[in-house]
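S.K.: next comes the sequence, and after it the predicted model I'd like to discuss.
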Amino acid sequence: MEESMGGASLPSGPDAKKRCVSYFYESSIDDYYYGQGHPMKPHRIRMAHNLMVHYSLHHRIEINRPFLANPFDIRRFHFEDYVDFLTFVTPKTLSDHSFSRHLKRFNISKDCPLFEFYQSFAGGSIDATVKLNRGDVDIALN
């Protein structure tokens, strides 16, 4: 007999107490390639998400789509000139040679995500932190 799901929780830890889990996921994660040397490997995130769905873990956790953080929030964690550049760059300006110095400085290639994608990642991290600090969840993943 299968145990009742009891909402967004998973039994874990040595005490087998149910933990409330909040998971932030943006489906467009693997639309971008960060480059061979970059530590971000979006296909791994997509694979982990697919495993969660395949093993029906998505029924036992709270799944959220991240909100878009505003530039002010992102500037709290990144240099202002970097955030300003990200808010300005577009697919058209990426091919403009006058930006090549900035592209190299900030390690941005032609198929790197644009600012909305960074806003989504930051928004998920901020949301996860808020949920943890308020005690709404025991575990938060972004």
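M.R.: Now that the structure is in, tell me what you want to look at. Residues are numbered from 1 along each chain as shown.
S.K.: and the most centrally placed residue in the chain, what helix or strand is that in?
M.R.: Centroid-nearest residue in the chain: residue 121, 3.6 Å away (criterion: C-alpha atoms, centre = their mean). Assigned by DSSP states H and E, residue 121 belongs to helix 115-134.
S.K.: same thing with residue 20?
M.R.: Going by DSSP H and E, residue 20 is part of strand 18-24.
S.K.: tell me the strands beside that strand, with direction?
M.R.: strand 9-11 (antiparallel), strand 62-64 (parallel), strand 139-141 (parallel) (DSSP bridges).
S.K.: in the last one, which residues are buried?
M.R.: Of the residues in strand 139-141, those scored as buried under the neighbour-count criterion (16 or more other C-beta atoms under 10 Å) are 139, 140, 141. No exception for glycine: its C-beta is placed from N, CA and C like everyone else's.
S.K.: swap in the second one?
M.R.: By neighbour count, with 16+ other C-beta under 10 Å as the criterion, the buried positions of strand 62-64 are 62, 63, 64.
S.K.: which residues touch that strand?
M.R.: 8, 20, 21, 22, 23, 24, 25, 124, 127, 137 (C-beta atoms under 8 Å, 6 or more residues apart in numbering).
S.K.: check whether the fifth one really touches residue 61, as I assumed.
M.R.: Yep, that's residue 23 we're talking about. Yes. Taking C-beta atoms under 8 Å as the definition, residue 23 is a contact partner of residue 61 at 5.1 Å.
S.K.: got the buried residues for the helix holding residue 121?
M.R.: Those would be 115, 117-128, 131, for helix 115-134 by 16+ other C-beta under 10 Å.
S.K.: from residue 63, how far out is the nearest residue to residue 42 once chain neighbours are set aside?
M.R.: Once flanking residues are discounted, residue 42 sits nearest to residue 30: 4.0 Å by C-beta to C-beta, 6 or more residues apart in numbering. The gap separating residue 30 from residue 63 is 17 Å, by C-beta to C-beta, to the nearest Å.
S.K.: ditto for residue 50
M.R.: The gap separating residue 50 from residue 63 is 13 Å, by C-beta to C-beta.
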